[in-house]
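Peer 1: predicted model, plus sequence, below.
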There are 2 protein chains.
Amino acid sequence: MNYRSALAQMKPYTPGEQPPPGKFIKLNTNENPYPPAPAVVEAIRAAASGPLNRYPDPVATSFRRAAADALSLPGPEWILAGNGSDEILTILVRGFVGEGQKLRLPYPSYILYRTLADIQGAAWEQTPFVDDWKLPAAFGHSDDDLKLVLLPNPNSPSGTIVPPDEVAAIADSLTCPLVVDEAYVDFADDDCLDLVRQNENVLVTRTMSKSYGLAGVRFGFLVAQPQVIAELAKIKDSYNCDAISIAAATAAISSQDWLADVVAKMNTTRDRMASELSAMGFRVTPSHANFVWCQHSSGRHSEIYEYLKRNQILVRYMAFPDWGDGLRISVGTDDQIDACLLMIGRAIGSLG
Amino acid sequence: MNYRSALAQMKPYTPGEQPPPGKFIKLNTNENPYPPAPAVVEAIRAAASGPLNRYPDPVATSFRRAAADALSLPGPEWILAGNGSDEILTILVRGFVGEGQKLRLPYPSYILYRTLADIQGAAWEQTPFVDDWKLPAAFGHSDDDLKLVLLPNPNSPSGTIVPPDEVAAIADSLTCPLVVDEAYVDFADDDCLDLVRQNENVLVTRTMSKSYGLAGVRFGFLVAQPQVIAELAKIKDSYNCDAISIAAATAAISSQDWLADVVAKMNTTRDRMASELSAMGFRVTPSHANFVWCQHSSGRHSEIYEYLKRNQILVRYMAFPDWGDGLRISVGTDDQIDACLLMIGRAIGSLG
């Protein structure tokens, strides 16, 4: 079987473990521990009785109108809807990076970007963060092969944020587009939407999977200038978002009061997690996302991870070559976090 | 803005018109006129109360088990689920065809394949059907650049089918994979699933959009040998099918009695359409799909299309350069088809 050579050589991306529901306290893939807004469930039930035998709106007009309104964008033509922000990221890489060309990402960050380059037969280049998660000037340098730069902001695994004025300076220094992946931005105080209006080369991606509690529904979107949206729309499948997801996402983005309440609640839990982990000997990176990145003075992160897993608590153990390792723990409900902290205490006590 | 050169040059695919619901009798995009099985609607309502804040099963296990059972396949590892067969086709082109390489399709057939080649920066080659929709030997010839051959079977716009033994002979003569796109196969008497077991190079795509009445839900799948499924799965987004679509598609594929009833009803309507259109002076190609392709002795197809559209009936006018034009009319309910036939009669009467 003759696959494309790029494909034959690549290793697939491995997302966080997804065990059967109910068996674990699941704090490993940054899902929202709370169900979505009641209006979302109602919208799905209503859509179940809709004309499912008909193709959906190919450009998710109802969602784009509601999102433009919720985010104070000039209009729906600034938005491209996708089957999760994963699809949006795929479209961006296919739109800008050809075989043998290159994309850039910071390090450590979201390694899916590397997989997207691999699938495309393109190269990727990692620029290490410096001085506790700041970006060096090299992140804004251009070269002929560089066709796209991706910045998760807030970043994962760190939860840190690069301020919008620094992002603007990077975009100004680049000759290629800069994608700001704002999957976690609703848990932060700043975002880069204003930069999209100022610079055609700034593209912002968002997801409904995290703050809106809709990981199961698969809905994400791109914010970019209208001429960019129009060009990138050529790549998407004709009907990339289904009728039920469009209804769910429209209801969700229209539930801004619900969002504010859930985010406030989760950020309170996050800050408590951070202080209790610090008290247990962890170095905790100040987080602007719905997870915390922590490194214990013992350095024995994989053992703590395994101890927790044996006790039905899943967190993410992450090891970055030439950099270090640690634990990324999603913000759960207060009860889930209490159980997790208790078990971490026992894990540390068992290290001997 | 520096898009990939392939993208900058290409024209996007234009699907059939999707007017707001209710305004037209819609017979232009081969949707099922009937709602999906009751079990599907129940499954969606149940999924609405499920853990939507959690990521879905990345490989749609419940669907693949039910589909393997329904289609008498050896097991779920022979199936790759996708966000519509559109996504499956995209994965296939990305899996096999690199920039500067080539895919082949018959002509006239499904022009989306050309768009998929264009997006990839690849070339496409059309082999004309001969002798009333038979495939010439040239369709099975290989060359070094040819990396994928796509055959819609039943074909659109014709509704004709190439018998499995002829498809097997084509696959045997090719050195690259042959994709048999069976979007409409439930309305036909034959399919090519057995060929997948016999030849690694035969890949069959299916959709839930047509016979199962789920165009709004976006669900399709690939049937191929397990080692092929495993390799192509590297290309898909991690969570390409959402939790609700998986539940809906699982319920649908498990409703084989419902399917048999709906298909029997639609095929009866189709055969009546064909005979009444013949009586009105159309040459009707015998159809094995949920639409008929017809050409009127007057040759004035675009005028008939426009007349119907002015009277709130949408059919598909299709013109193929160097080949000819005609009307593709989806099988609707009997009432819809009665209204359409009445209006076609008036349209012909008005031609003068």
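Peer 2: Received, thanks.

Peer 1: so what's the nearest residue to A:Pro108 once chain neighbours are set aside bridging to?
Peer 2: Closest residue in space to A:Pro108, ignoring its immediate chain neighbours: A:Phe320 at 4.2 Å, by Cβ to Cβ, 6 or more residues apart in numbering or on different chains. C-beta here means a position set from N, CA and C on the backbone, and glycine is covered the same way. Counting by DSSP bridges, A:Phe320 is bridged to A:Gly324.

Peer 1: residues near A:Phe320, how many?
Peer 2: Residues lying near A:Phe320 (other Cβ atoms under 10 Å in any protein chain shown) number 15.

Peer 1: wait, it sits on A:Tyr110?
Peer 2: No: taking Cβ atoms under 8 Å as the definition, A:Phe320 is not a contact partner of A:Tyr110, at 11.8 Å.

Peer 1: and the helices in chain A?
Peer 2: Under the criterion DSSP state H, chain A contains helices at A:5-9, A:38-48, A:61-70, A:84-96, A:112-120, A:164-173, A:193-198, A:226-232, A:243-253, A:256-279, A:301-310, A:334-350.

Peer 1: distance of the residue positioned nearest the centre of chain A from A:Asn30?
Peer 2: The residue lying closest to the centre of chain A (Cα atoms, centre = their mean) is A:Ala183, at 3.5 Å. According to Cβ to Cβ, to the nearest Å, A:Ala183 and A:Asn30 sit 8 Å apart.

Peer 1: got any residues that touch both of those two?
Peer 2: Residues touching both A:Ala183 and A:Asn30 by Cβ atoms under 8 Å, 6 or more residues apart in numbering or on different chains: A:156, A:210.

Peer 1: over to the nearest residue to A:Ile91 once chain neighbours are set aside: give its phi and psi.
Peer 2: Once flanking residues are discounted, A:Ile91 sits nearest to A:Ile235: 4.8 Å by Cβ to Cβ, 6+ apart. Backbone torsions for A:Ile235, taken as degrees, to the nearest 10, come to phi -90, psi -30.

Peer 1: what about A:Ile235, how many residues close to it?
Peer 2: A:Ile235, neighbours per other Cβ under 10 Å, totals 23.

Peer 1: list the contacts of it.
Peer 2: Neighbouring residues of A:Ile235 by Cβ under 8 Å, 6+ apart: A:91, A:94-95, B:7, B:119.

Peer 1: hmm, back to that, need the helices of chain A in CSV with mean neighbour count and distance to B:Gly140, can you?
Peer 2: Shown next, in CSV, are these (neighbours: other Cβ atoms under 10 Å in any protein chain shown; distance: least, Cβ to Cβ, whole Å):
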stretch, mean neighbour count, distance to B:Gly140
helix A:5-9, 14, 25
helix A:38-48, 19, 45
helix A:61-70, 19, 44
helix A:84-96, 25, 31
helix A:112-120, 23, 30
helix A:164-173, 17, 51
helix A:193-198, 17, 50
helix A:226-232, 17, 37
helix A:243-253, 27, 40
helix A:256-279, 16, 57
helix A:301-310, 18, 53
helix A:334-350, 16, 59
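
Peer 1: if you average pLDDT over each of these, which is lowest?
Peer 2: Ranked by mean pLDDT, the helices of chain A bottom out at helix A:5-9, which scores a mean of 86.

Peer 1: what helices and strands are in contact with that one?
Peer 2: Counting contacts by 3 or more Cβ pairs under 8 Å, 6 or more residues apart in numbering or on different chains; DSSP states H and E, helix A:5-9 is packed against helix A:112-120.

Peer 1: who touches stretch A:290-304?
Peer 2: By Cβ under 8 Å, 6+ apart, the residues outside stretch A:290-304 that reach it are A:30, A:32, A:156-159, A:184, A:187, A:210-211, A:266, A:270, A:273-274, A:277, A:280-285, A:287, A:317, A:319, A:324-331, A:344, A:347-348, A:351.

Peer 1: tell me how far it lies from the chain's centre.
Peer 2: Centroid separation for stretch A:290-304 versus its chain: 21 Å, with Cα atoms, centre = their mean, to the nearest Å.

Peer 1: and if you look at stretch A:297-309?
Peer 2: Counting by Cα atoms, centre = their mean, stretch A:297-309 comes out at 25 Å from the chain centroid.

Peer 1: also stretch A:310-325?
Peer 2: Between the mean C-alpha location of stretch A:310-325 and the chain-wide mean there is a distance of 18 Å, by Cα atoms, centre = their mean.
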